[in-house]
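# Give me a 3D structure for the following:
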Amino acid sequence: MNYGFVIDTRRCIGCHACSTACKSENQVPLGVHRTWVKYTEVGRFPDVRRTFQVTRCNHCANPPCVRICPVTAMYQRVDGIVEFDSDVCIGCKACLQACPYDAIYVDPDTGTAAKCHYCGHRVDNGLEPACVVVCPTHAIIAGDLDDPCSEIARTVAQNNVTVRRPEQGTAPKLFYIEGSDYSLHPTAANEGGAMLMAAEGVATRHAVHLRMETQDHASSGVAIRTPADQALPAKPIVVAGGRMAGQMVQVGYRVAAPFPWHWQVPAYLITKGLGAGVLLLLSIGVLLPGGLSSSAAASLAGVGVLGLLATTALLVGDLERPARFLRIVFRPQWKSWLTRGAFLLIGLSIVATVWLALELAGIEAREPLVTLTIPLAIGTAVYTAFLFAQCEGRDLWQSATLPISLFLESVVLGCAGASLVGLAVDLGALGPFTRIAFVVSLASSLLVILAGEAVVHPSEVAARAARAISHGKYALQFWLGAVVVGHVVPLVLVLLGQAPVAALFVFVGLFAHEHAFVMAPQEIPNS
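Presented below is the predicted three-dimensional model:
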């Protein structure tokens, strides 16, 4: 068995019967949707046409939401249906970031992830999904794609079908017959104008307001194009007077896709980097000639423990079901970097706590602690890069340089923390080493960040998010906060011998950088 859907857009009349049947059958709360119909209007009055697109979970053959889920709450059945277990979900919202189709939401009643599950309870009893039964024009076809005699298999074989975002490698099993490219590619349509039903989507707090970025080609008459992986039809959009005609492609109706992650995630990146960086410096300080005094070692270990405790508090506090957080320990899903990262944090926290306790007790056991601390600190510093890489819905986060950037950031934060500790205790040989490492890591981090803004991004979605950071909504936060406050000013201050003051600028500037990096990709619509 290999269940899938076909949407015949030639037949869809935009009646929303599928949406209401889905809500009724699955008791979906108000404000969230498992199935919805997107309206896209193309043309200019009076030559306008409206297309309808039924949108929902694609029940991918290679579902990223399953891989990223830390507790197997999101899983794939043997018949290909991607199902979820609300009794297990901890509400981490990672699956929302992994889905390239905005198909998953957080249930406001249960605080757990939910989506279209192919009406699995009906399928198990030999019935079709509710949306299929209720569609008045038979625009929705469901069934076994592996059965050549089934209606869905014959329909796919006999028609030219398309899927959404095939470049993501998810192998979606939601096929569209004559799907409109302007609907399939959400960034191709203008969402800045009035919608058919403004109360749904646009007027909500988290709605995305993005206009198609048009270019003034001054009499060139060139039509807008997206990259090859998001190509629009060969027929150009009509232009007038050498300028892109306004409102040629506009969304008339869609549903809102809230931002899953907010300030807690960039804050956790800072506290995690601080804890890992300080503990890494503690290990280096022990290895330097002369070593560290017990008071210096205890102080650094204490800062590391506090940083990791703050990280844990932020992570648990950001869960929709924080009381379930221990499930990541007792029923881990090891493909998820959320799970791997949690165990790295736990391991480093235990080692740092033991180190602090031994230093306070005057017990010498530094060599084995150094052996454990260095790999755990490096792993803790960089694992989030691999977690971001599992977020298939945010192309900008799929960066090969992100582990390097996070490692350098952790060193910068560690040097900042050690510089503040140096005001209270003598760091010995670690003091001069910290100042050198501060300068080198700040300069290297700045170069990596600026290089990241200069590269050509592999997709239009990633390029739009990067542009929002460097030239759009987050430009001031990036250039003034991340570059100037977070790197240039601290670099000058360290060179002038004011490392503790530089540390304060580092915390503010790096938070600004991480906030822009986390929020900007979420602005780009996936549906």
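# going forward, measure contacts between C-alpha atoms and count neighbours the same way
Will do.
# May I see the buried residues of stretch 314-326?
Within stretch 314-326, the residues scored as buried using 16 or more other C-alpha atoms under 10 Å are L314, L315, V316, D318, L319, E320, R321, P322, F325.
# I meant stretch 286-301, not that one.
V286, G291, L292, S293, S294, S295, A296, A297, A298, S299, L300, A301.
# Look up how far V421 lies from the third one.
By that I understand L292. For L292, the distance to V421 (C-alpha to C-alpha, to the nearest Å) stands at 13 Å.
# The first one too?
Here the distance between V286 and V421 works out to 16 Å (C-alpha to C-alpha).
# so how many other residues sit close to the nearest residue to P63 once chain neighbours are set aside?
Once flanking residues are discounted, P63 sits nearest to T170: 5.8 Å by C-alpha to C-alpha, 6 or more residues apart in numbering. By the criterion of other C-alpha atoms under 10 Å, T170 has 20 neighbours.
# can you check the one 3 residues further on too?
Residues within reach of K173, counting by other C-alpha under 10 Å, total 22.
# What of T137?
Using other C-alpha under 10 Å, T137 has 13 other residues around it.
# And it, its phi and psi?
Dihedral angles of T137 (phi, psi; degrees, to the nearest 10) stand at phi -120, psi 10.
# hang on, it packs against G14?
No - look at T137 against G14 with C-alpha atoms under 8 Å: they stay out of range, at 10.4 Å.
# got the residue ranges for the strands in the stretch 151-300 of the chain?
All strands of the stretch 151-300 of the chain, identified by DSSP state E, counting those that start in this stretch, fall at 161-162, 174-177, 239-240, 243-244, 249-253.
# Least confident of those strands, on average?
Per-stretch mean pLDDT for those is lowest at strand 239-240 (a mean of 34).
# Now do L504 against G307, distance only.
Distance, L504 to G307, by C-alpha to C-alpha: 15 Å.
# ok, now V133?
Note on V133: its distance to G307, by C-alpha to C-alpha, is 54 Å.
# ok, the two, which is more surrounded?
Legend: neighbour count by other C-alpha under 10 Å for V133 and G307, higher for G307 (25 against 16).
# Show me the shaky parts of the stretch 101-250 of the chain.
When residues are selected by pLDDT under 70, those of the stretch 101-250 of the chain lie in 190-247.
# Could I get the contacting residues of the most centrally placed residue in the chain?
With distances taken as C-alpha atoms, centre = their mean, the residue of the chain nearest its centroid is Q97 (4.1 Å). Residues in contact with Q97 (C-alpha atoms under 8 Å, 6 or more residues apart in numbering) are P260, C391, E392, G393, R394.
# Then E83?
M74, Y75, Q76, R77, H117, G120.
# Please repeat the previous calculation with a cut-off of 10 Å.
Residues in contact with E83 (C-alpha atoms under 10 Å, 6 or more residues apart in numbering) are 59, 66, 73-77, 114-120.
# And for H138?
Per C-alpha under 10 Å, 6+ apart, neighbours of H138: I7, D8, R11, C12, C131, V132.
# rerun that using 8 Å as the cut-off
Neighbours of H138 in contact, by C-alpha under 8 Å, 6+ apart: R11, V132.
# Distance check, it against A17.
11 Å.
# And for I449?
Applying C-alpha to C-alpha to I449 and A17 gives a distance of 48 Å.
# If you count surrounding residues, which of those two has more?
A17 (20 against 17).
# Endpoint to endpoint, stretch 64-76 covers what distance?
Stretch 64-76 stretches 11 Å from its first residue to its last (C-alpha to C-alpha).
# Y75: what secondary structure?
Following DSSP: H, G, I helix; E, B strand; the rest coil, we place Y75 in the strand state.
# burial measure for it, as a count.
18.
# what does the one 4 residues further on give?
By other C-alpha under 10 Å, the residues close to D79 number 11.
# That one: what's it in contact with?
Applying C-alpha under 8 Å, 6+ apart, we find D79 in contact with M1, N2, Y3.
# Return a PyMOL selection command for the buried portion of these.
Selection of buried members from the contacts of D79 for PyMOL, criterion 16+ other C-alpha under 10 Å:
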select buried, resi 2+3
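# Now Y474, what are its backbone angles?
phi -100, psi 20.
# let me redo that: D144
Dihedral angles (degrees, to the nearest 10) for D144: phi -90, psi 110.
# What of F433?
F433 adopts backbone torsions of phi -60, psi -40, taken as degrees, to the nearest 10.
# Leaving out the residues flanking it, which one is nearest to A377?
A276 (4.7 Å).
# Go through the contacts of Q97 and flag which are in strands.
Assigned to strands by DSSP state E, none of the contacts of Q97 qualify.
# Name the member of the residues you listed that has the highest neighbour count.
Using other C-alpha under 10 Å as the neighbour criterion, G393 leads these with 28 neighbours.
# confidence score at R366?
89.
# repeat for the one 3 residues further on
Per-residue confidence at L369 stands at 94 (pLDDT).
# after the helix or strand containing it, next one along is what?
Assessed by DSSP states H and E, L369 sits inside helix 366-389. Using DSSP H and E, the next helix or strand after helix 366-389 towards the C-terminus is helix 402-421.
# now that next one and helix 366-389, what's the angle there?
130 degrees (axes from the mean of the first three to the mean of the last three C-alpha atoms, to 10 degrees).
# What is helix 402-421 packed up against?
Here helix 402-421 touches helix 264-287, helix 294-317, helix 366-389, helix 430-454, helix 499-519, going by 3 or more C-alpha pairs under 8 Å, 6 or more residues apart in numbering; DSSP states H and E.
# pretty sure A17 contacts V133?
No - counting by C-alpha under 8 Å, A17 sits too far from V133 to count as a contact (9.8 Å).
# domain parsing for this protein?
Following automatic domain parsing, one gets these domains for the chain: 3-39+51-178, 264-523.
# Can you get me a residue count around P432?
11.
# What's the separation between it and L279?
17 Å.
# got it, and L480?
The spacing between L480 and L279, counted by C-alpha to C-alpha, is 29 Å.
# try F325
25 Å.
# ditto for M248
Here M248 is placed at a distance of 56 Å from L279 (C-alpha to C-alpha).
# For the two, indicate the residue with more neighbours.
Ranked by neighbour count (other C-alpha under 10 Å), M248 and L279 place L279 first, with 34 against 17.
# wouldn't the more buried one be in contact with G307 here?
No - between L279 and G307 there is no contact under C-alpha under 8 Å: 9.9 Å.
# What's the mean pLDDT across stretch 35-52?
In the prediction, stretch 35-52 has an average pLDDT of 86.
# What's the end-to-end length of it?
The first-to-last residue distance of stretch 35-52 comes to 13 Å (C-alpha to C-alpha).
# Check stretch 149-168 too.
End-to-end distance of stretch 149-168: 30 Å, with C-alpha to C-alpha as the criterion.
# Give me the contacts around it.
Counting by C-alpha under 8 Å, 6+ apart, 4-6, 100-101, 141-148, 172-179, 184-185, 229-230, 392 sit against stretch 149-168.
# Would you show me how to pick out the buried ones of these in ChimeraX?
A single ChimeraX command is used to select the members of the contacts of stretch 149-168 judged buried by 16+ other C-alpha under 10 Å:
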select :4,5,6,100,101,141,142,143,144,145,172,173,174,175,176,177,179,184,185,230,392
